[in-house]
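**Q** only geometry, no sequence info:
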């Protein structure tokens, strides 16, 4: 019975640490914002679960999962392996939609539902709105700088060609 080897605990420990984001990413501006978005979305989800405004529980859950996925993708550098997706644009659209959704459901839950959990969800929703809005503002500035630097598909050195009017019926 001595044939069975004990599982290597250091190997499983290294596998768990491989899933965690690196320290340099966590301390970066993007990493800090993403961790804040994940935490605030989860807290808002828990508040909505405990409140009378349980109809709004889906939006924070979806935003929590989307922010967690983006955090995982950026921290493990999956975004560099899949070049077919335009990751900053996907992140920008996620942040814009999340900030609008959190703002709307926070207003509704603060006015329509009188319980304390709904008020707490509204407060955390407004804070999440600020985090998501700051993130999409910074992403927009990065995208604008990228396009100004010539990262776009079209070159700005060539003048635009006029459209071909060969379809017109002029004689």
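**A** Perfect, thanks for sending it. The shown structure was predicted, so the numbers you read here are calculated from the model rather than taken from an experiment.

**Q** tally of neighbours for residue 124?
**A** As a burial measure, residue 124 scores 23 neighbours (other CB atoms under 10 Å). In short, each C-beta sits where N, CA and C put it, glycine included.

**Q** Isn't residue 41 up against residue 58?
**A** No: contact criterion CB atoms under 8 Å: residue 41 and residue 58 do not qualify, at 11.8 Å.

**Q** who's more crowded, those two?
**A** Between residue 41 and residue 58, residue 41 has the larger neighbour count (other CB under 10 Å), namely 27 against 13.

**Q** Quick check: next helix or strand after the helix or strand hosting that one?
**A** Per DSSP states H and E: residue 41 is located in helix 29-50. Downstream of helix 29-50, the first helix or strand assigned by DSSP H and E is helix 58-75.

**Q** ok, which stretches of the chain are helices?
**A** All helices of the chain, identified by DSSP state H, fall at 9-19, 23-26, 29-50, 58-75, 78-81, 87-112, 116-148.

**Q** Pick out the shakiest of those helices, pLDDT-wise.
**A** Looking over those, mean pLDDT reaches its minimum on helix 9-19, with a mean of 62.

**Q** thinking again about what came up before, what packs against the helix holding residue 41?
**A** If you count contacts as 3 or more CB pairs under 8 Å, 6 or more residues apart in numbering; DSSP states H and E, helix 29-50 packs onto helix 23-26, helix 58-75, helix 87-112, helix 116-148.

**Q** List the buried residues of it.
**A** 30-31, 33-38, 40-48, 50 (16 or more other CB atoms under 10 Å).

**Q** now stretch 81-99
**A** Going by 16+ other CB under 10 Å, stretch 81-99 has these buried residues: 87, 91-92, 94-99.

**Q** Let me have the residues you listed in a markdown table, extended by distance to residue 26.
**A** Below are those laid out as a markdown table (distance: CB to CB, whole Å):
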| residue | distance to residue 26 |
| --- | --- |
| 87 | 18 |
| 91 | 17 |
| 92 | 21 |
| 94 | 19 |
| 95 | 19 |
| 96 | 24 |
| 97 | 25 |
| 98 | 20 |
| 99 | 22 |
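
**Q** Fine by me, thanks again.
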